[in-house]
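Asks: Sharing a model that was predicted from the sequence below.
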Amino acid sequence: MGAPGQEHLWDKEVKGHRTYNDVRTFTDDQLKNYTEEELKNFKPKHATPNLDELEKGPFPSFVSDLKREALHRKKLGQDNLMIPEGIVEDLLGVVELSYVDKETHWKHGGIVGVLGYGGGVIGRYCDQQQKFPAVAHFHTYRVNQTGGKFYTTDYLRGICDICEYRGSGIMNLHGSTGDMVFLGTFSDQLEPIMFDLTHDMGVDIGGSGGNLRTPSDCLGKARCEFACLDTLDMCYEMTMHFQDELHRPGFPYKFKFKFDGCPNCCVASIARSDCAYIGTWKDDIRINQEAVKEYVANKIPPDGGGMTGRNWGPFDIQKEVIALCPTQCMQWDGKKLSINNAECNRCMHCINVMPEALRVGKDQGVSLLFGAKAPILEGAQLAILTIPFMYAKNPYDNVKDVVRKALDWWMEEGKNRERIGECIQRFGLKKFIEVLGVPAMPQMVKEPRSNPYVFFKEEEVPGGWKRDIKEYRKKHPL
Amino acid sequence: MSKGKLGYYNPDKPMENRITDIGPPHYMQFLPPILRRNYGKWLSHRILEPGIVSHVSESGEKVYSVRAGGARLVSVEHVREICDIADKYCNGYVRWTTRNNVEFITDSEEKAKALKKDLDGRKFPAGSFKFPVGGVGNVITAIVHTQGWVHCHTPATDASGLVKKTADALFDYFKEMKLPAKLRVSMACCLNMCGAVHCSDIALLGYHRKPPMVDDDYVGKICEIPLVIAACPLYAIKPATTAEGKKTVTVNYDKCMYCGNCYTMCAALPLADKEGDGVAILAGGKISNRISTPKFSKVVVPWLPNNPPHWPEVIDIVKKIVEVYAKDANKYERLGDWAARIGWERFFEKTGLPFTWHILDDYRLAVDTFRTTTQFKFTEHSWAVSKAVGGI
């Protein structure tokens, strides 16, 4: 699995790397085929008085953006496009109709895909095919994003050409799970897009259905000093290792991996992944006492300079750091900051407030939390702290073993469309930890159970369940 | 790249030359050299001004990132313009953030400032900014959302449109770092909540309010009836047969809470309704572990009418909540923590939002949300209850 030898395919620092010119579809003239004046005067095919209102206001207007693409496609001409040239104009039309009807005009599902894969392409058909024939099909294509969502312009331009030549020219950067999304193409372009992506761009498609969805990550050690986990490396390794599970849905429902470098959780793993990999440390927060004094002397803005839009007055380390520590494990004596690290629960507050003075610990690893999900069906769940700390070094075999156990159990026991979080609710956390082969620990709960309805195991109770009523009656006649 | 309708694909030999299971491109090749050199060696960061954050490494090298707001829905033309900018200032490297913003990474403060000026100067013909710089620090950054009427089959409202209007109304908070803490606004066009809407400081939720219509002519033909019945969390769906003998289902209206899961399983049970559908507002969720633990968003407005293209009812309330929070909360206090500290009765009093029976939980684990202590503050709401029973 994986593409050996392709790790530097697009690497600008390596001689002979692939460039946009090696793969481009459109010429420079085709790319720059309209003027600002033409764009200003452009009137798309369908009147869109409601959508036009959304061109006003400061935030980037997706309507203005769609109109720009519509004009570009018009100027390219149908000969240079493999699906209807007017797809974006018809998209504007059908969305406008929804604004008037206040109901969607997209039909339910439809099974589409590429050969050999069970997911990655979401079928979509319009229910106004006479009025808007250019969006009769509007399937979306999930393209596996790069870790940390880093790209080069060579690569992106290539992606754009495929998206425009064989699709609508509209993308999501990015979808909620993390994939790049090509928003809208026709059925006959699904295989050609797959071939262009894999052959020319060197990228695979993402997942959908009852499978492992495309894993995503924060940018981790690439630029963040808080990262306790090499999220980019781990996300890449796990994505490659689980390619089969990603492309060939064999699970009861979806399963998501997300990799957060620290408890700040910038990729929201704790809220939405079935397995959240969150970086943590087990030794001491590193303190630069001189820098602490600079914060106290108001020489460094607190919170990484993120609050300077308002005058909060002078920094008060006692009020803003010591008092807010959730475990009250810090002390400031006017000269020295001390942390009782054994009592620290690594919430990141003090480090967030004074990043130039405090650093995460050096002895780093990953915490595994399982079972987060959105409300459908039984209710929303946050991920449960299950494995407190594991050293995580490529190829992450120890972590893979744990995750495999969870997946194997859930595949076996999970009902149709039951997320692992709901499966854990149904069987009990006690069953889940048995499956993983770990003992119970207080850190798995906020508090112990308050109902004493414990299901003991028969082998734990001397004599077992079966008893002789006749013997009993000898001692206790009615 | 391939040309022509079929490209490299040969329908007569579909497996020929097929490449599969190659995953994403390796990330390292897309990192600018300065990030590669200092990988894992970053020391600290400082936001220099709205939208510009600098990081310094153990080696002493500094990197300057400029963040610009983005809509999630982008055209390839827009992306190409981003590529032109990245080529000009960043040697062809660029990235996106988890919340749909674009980040340009430069190696000097001058370049970063020049880039910021360039980005802030670009506008669409109708006047909106293409790449407004901001979204870093204690701000309301770009709003994550779902597909809405642009693509989805289950939405109760449009996502991109409502998000655009909300982002417009909150634009000052995107640009200026004047909030007590980060405030995440997210939007989901239906209960499926594709994204982390269930843990946002403010969440906008498209909401259906009518049970599905049953298309008897089609249920038996296009749906797996047992799956439809099993899909309902409240056991409101039962198998049935029409007078003509068609296999279908019935929906018990008293039990149905219009979650739409049945529609997800069967196209013959549509929910959308222009009068019933609307927007709910939730508040007080958070994801980070900072100071307090992660928490769910709570329903504070069960339903507002869906009035595109301006959604004035929704926007007004979102603005109100943000303003009240910004004024009243302590430094570092997230919205949910602020509401918990002052008490939800004060939240409803200060925001002026009505507290109705809709907001009382009645689903699983409802009992966990009830107040089972004598600790409460007096507000008009409490006087209304006392009056209702002749208590005062």
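Replies: Sure thing, it's come through.

Asks: Extract the CA atoms of the strand or helix carrying A:Gly421 and return them as CSV.
Replies: Secondary structure assigned from DSSP states H and E places A:Gly421 in helix A:420-427. C-alpha atoms of helix A:420-427 as CSV (Å, rounded to 0.1, in the frame of the first residue of the first chain):
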residue,chain,number,x,y,z
ILE,A,420,-18.4,2.6,18.2
GLY,A,421,-19.4,5.2,20.8
GLU,A,422,-23.0,3.9,20.8
CYS,A,423,-21.7,0.3,20.8
ILE,A,424,-19.6,1.1,23.9
GLN,A,425,-22.8,2.5,25.5
ARG,A,426,-24.7,-0.6,24.6
PHE,A,427,-22.1,-3.1,25.9
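
Asks: Now do the helix or strand just after that helix against helix A:420-427, angle only.
Replies: Sequence order places helix A:429-436 as the next helix or strand after helix A:420-427, per DSSP H and E. Counting by axes from the mean of the first three to the mean of the last three CA atoms, to 10 degrees, helix A:429-436 lies at 110 degrees to helix A:420-427.

Asks: I'd like the next helix or strand past helix A:429-436.
Replies: Counting by DSSP H and E, what follows helix A:429-436 is helix A:469-475.

Asks: Output the contacting helices and strands for that following helix.
Replies: Helices and strands touching helix A:469-475, by 3 or more CB pairs under 8 Å, 6 or more residues apart in numbering or on different chains; DSSP states H and E: there are none. In this view, the C-beta of every residue, glycine as well, is placed from N, C-alpha and C.

Asks: re the thing from before, what about the helix holding A:Gly421 and chain B, any contact?
Replies: No - contact of helix A:420-427 with chain B is not found when judged by CB under 8 Å from any CB of the partner chain; the minimum separation is 9.6 Å.

Asks: Now the residue in the stretch 301-450 of chain A positioned nearest to chain B: closest residue in space, sequence neighbours ignored.
Replies: Across the stretch 301-450 of chain A, the shortest distance to chain B (CB to the nearest CB) belongs to A:Gly306, at 2.9 Å. Excluding the flanking residues, the one nearest A:Gly306 by CB to CB, 6 or more residues apart in numbering or on different chains is B:Gly137, at 2.9 Å.

Asks: all strands for the chain, in order.
Replies: Using chain A. Secondary structure of chain A (DSSP state E): strands located at A:121-122, A:139-143, A:150-152, A:170-172, A:180-185, A:216-217, A:257-260, A:275-281, A:286-287, A:330-332, A:337-339, A:358-359, A:364-370, A:384-390.

Asks: sorry, should have said chain B
Replies: Going by DSSP E, chain B shows strands at B:42-49, B:52-57, B:62-68, B:73-75, B:93-96, B:102-106, B:185-188, B:202-207, B:237-241, B:247-251, B:278-283, B:298-305.

Asks: Next, count neighbours for residue 228.
Replies: Going with chain A. Number of residues near A:Cys228 (other CB atoms under 10 Å in any protein chain shown) recorded here: 27.

Asks: look at chain B instead
Replies: 24.

Asks: Low-confidence ranges, chain A, go.
Replies: A:1-4 (pLDDT under 70).

Asks: Show me the longest helix that occurs in it.
Replies: Ranked by number of residues, the top helix in chain A under DSSP state H is helix A:397-413.

Asks: Report the buried residues of that helix.
Replies: Within helix A:397-413, the residues scored as buried using 16 or more other CB atoms under 10 Å in any protein chain shown are A:Val399, A:Val402, A:Val403, A:Ala406, A:Leu407, A:Trp409, A:Trp410.

Asks: is it possible to export those to a markdown table including distance to chain B?
Replies: Formatted as a markdown table, these follow (distance: CB to the nearest CB, whole Å):
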| residue | distance to chain B |
| --- | --- |
| A:Val399 | 18 |
| A:Val402 | 21 |
| A:Val403 | 17 |
| A:Ala406 | 21 |
| A:Leu407 | 18 |
| A:Trp409 | 21 |
| A:Trp410 | 18 |
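
Asks: So what's the residue count around the residue of the stretch 301-450 of chain A closest to chain B?
Replies: Quick note: A:Gly306 (other CB under 10 Å) scores 23 neighbours.

Asks: neighbours of residue 22, just the number please.
Replies: Defaulting to chain A. Neighbour tally, A:Asp22, other CB under 10 Å: 12.

Asks: To clarify, I was referring to chain B.
Replies: 20.

Asks: from memory it sits against A:Leu9, does it?
Replies: No - the criterion here is CB atoms under 8 Å, and B:Ile22 misses it with A:Leu9 at 10.5 Å.

Asks: Give me the common contacts of these two.
Replies: Counting by CB atoms under 8 Å, 6 or more residues apart in numbering or on different chains, the residues touching both B:Ile22 and A:Leu9 are A:Gly202.

Asks: Residues contacting stretch A:234-248, please?
Replies: Contacts of stretch A:234-248 (CB under 8 Å, 6+ apart): A:1-2, A:116-120, A:144, A:147, A:204-207, A:211-217, A:251, A:255, A:257, A:259, A:277, A:366, A:392, A:394-396, A:399-400, A:407, B:20-24, B:26-27.

Asks: meant to ask about stretch B:46-56
Replies: A:223-225, A:300-301, A:304-306, A:308-309, A:355-356, B:42-45, B:62-68, B:109, B:112-113, B:116, B:133-137, B:139, B:175-177.

Asks: Tell me which residue in chain B sits closest to chain A.
Replies: Counting by CB to the nearest CB, chain B gets nearest chain A through B:Gly137, at 2.9 Å.

Asks: Show the pLDDT at that residue.
Replies: pLDDT for B:Gly137: 96.

Asks: That one contacts A:Gly305, correct?
Replies: Yes - the pair B:Gly137 / A:Gly305 is scored as a contact, 6.9 Å apart, by CB under 8 Å.

Asks: got a list of what B:Lys221 touches?
Replies: B:Ala268.

Asks: Please report the distance of it from B:Ala267.
Replies: 10 Å (CB to CB, to the nearest Å).

Asks: now B:Lys165
Replies: 31 Å.

Asks: quick one, which of these two is more surrounded?
Replies: B:Lys165 (23 against 17).
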